[in-house]
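Chemist: The sequence and its predicted three-dimensional model are supplied below.
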Amino acid sequence: MASVMRTAVLLMAATAALAAAERETDSTFLYRYVPGVAERPAAGTTATCRYRPVFGAGDAQARLLRGIARYGELHVDSGGACETVNYPGEEQVYVVLDGSPQVNYGAEKSPVRKNDFMYVAPGIPHAFANSGGTPARIVVMGFRVPPALRGAPPARLPIANIDDVKKEVVGGHPPSTLYQLLMGNTESRRDKLATARVLTSLFIMEFAPGGTNFPHHHENEEEIYLVLDGHGDMVAGGGVDGVENRRPARAGDAYFFRLNCTVGFYNSNVPGEPKAHILAVRSLFPRR
């Protein structure tokens, strides 16, 4: 009898250990180094229009993103073109990091330039082409929009340039960080473009040497940071003290932060170091 009981106990322990080993724990944040992300075929891609799926569609951990459908980097060769795409259930946001491509927005054709950012409403067919001599590099963002929030799309392409957006201190944040408020939702009174439905804030942060935006979290929004230049420490999740987990960060680093994940950034405090810039976006977490 004792032998049978010992065998049963060992079997239960082995079963529990196997279940624990097979159980996956979802991350509170995701990290990618964008230049190291492999290009993959996606909607709109061609031999001269290639896509790096950083987060969301095309990425192995896409299921962790709830409101954000896709986030990646589009490369359009000189003389290249993308196929037309149309996302009936998503609003798209694009930021041109390099090059001067053209965007076809419905029947409208608009030249764009470096640092332009634009909004495409759900259901609008659009595509990029590049007749310029410089390859184009474009940040791609897509956000799931429930039917009740879609509304009528803008008749013309909403577009602006980062260089035309003022730098300012935002209340509740230290003056060592200046913000450029690029895009908000249709109720926004402070952003350059007030066009989005699910996206709540697209902005750039400029960090002075030693500057920070302080660790914080968001109870209703997912967020993505992309380090454009400079280096410092990214705060991603809680550390052993329950407050912050600091990780070295450099240009090309991208972080996705789940709901209530601790997030922040500390710029390098070395004298003479340049300012750091981060492109950030927040969007509503779907509650249903």
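Modeler: Ah, there it is.
Chemist: ok, the residue lying closest to K275 once chain neighbours are set aside to P153 distance?
Modeler: Setting aside the residues directly before and after it, K275 is nearest to E206 in space (CB to CB, 6 or more residues apart in numbering), at 5.5 Å. Bear in mind the C-beta positions are built from the backbone N, C-alpha and C, glycine included. To P153, E206 is 32 Å away according to CB to CB, to the nearest Å.
Chemist: What of G232?
Modeler: Counting by CB to CB - G232 and P153 are separated by 39 Å.
Chemist: thought H231 was touching G252?
Modeler: No: counting by CB atoms under 8 Å, H231 does not reach G252; the two are 10.3 Å apart.
Chemist: that older thread, just list what the one helix or strand the residue nearest to K275 maps to packs against, helices and strands only.
Modeler: Using DSSP states H and E, E206 falls within strand 199-207. With contacts defined as 3 or more CB pairs under 8 Å, 6 or more residues apart in numbering; DSSP states H and E, strand 199-207 has these neighbours: strand 90-98, strand 136-144, strand 177-185, strand 263-267, strand 276-284.
Chemist: now these as CSV including mean pLDDT, distance to A196 and mean neighbour count?
Modeler: Putting these into CSV (pLDDT from 0 to 100; distance: least, CB to CB, whole Å; neighbours: other CB atoms under 10 Å) gives the following:
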stretch, mean pLDDT, distance to A196, mean neighbour count
strand 90-98, 98, 6, 21
strand 136-144, 98, 8, 24
strand 177-185, 97, 5, 21
strand 263-267, 95, 20, 24
strand 276-284, 98, 8, 23
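Chemist: for those, which one sits closest to N220?
Modeler: With CB to CB, the closest approach to N220 among the helices and strands packed on strand 199-207 belongs to strand 276-284: 6.4 Å.
Chemist: Quickly run through the sheet partners of the closest one, with directions.
Modeler: When pairing is defined by DSSP bridges, strand 276-284 lines up against strand 199-207 (antiparallel), strand 221-229 (antiparallel).
Chemist: what about the last one, distance to the chain center?
Modeler: Looking back up the chat, that one is strand 221-229. 5 Å (CA atoms, centre = their mean, to the nearest Å).
Chemist: Going by neighbour count, which residues of it are buried?
Modeler: Of the residues in strand 221-229, 221-228 count as buried by neighbour count, 16 or more other CB atoms under 10 Å.
Chemist: and that strand, C-alpha only, in CSV?
Modeler: Taking C-alpha atoms only, strand 221-229 is exported to CSV below (Å, rounded to 0.1, in the frame of the first residue of the first chain):
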residue,chain,number,x,y,z
GLU,A,221,-4.5,52.3,-23.3
GLU,A,222,-1.9,50.2,-25.0
GLU,A,223,1.3,52.0,-25.9
ILE,A,224,4.3,51.7,-28.2
TYR,A,225,7.6,53.5,-28.0
LEU,A,226,10.1,53.7,-30.9
VAL,A,227,13.6,55.2,-30.1
LEU,A,228,14.4,57.4,-33.1
ASP,A,229,17.8,58.5,-31.9
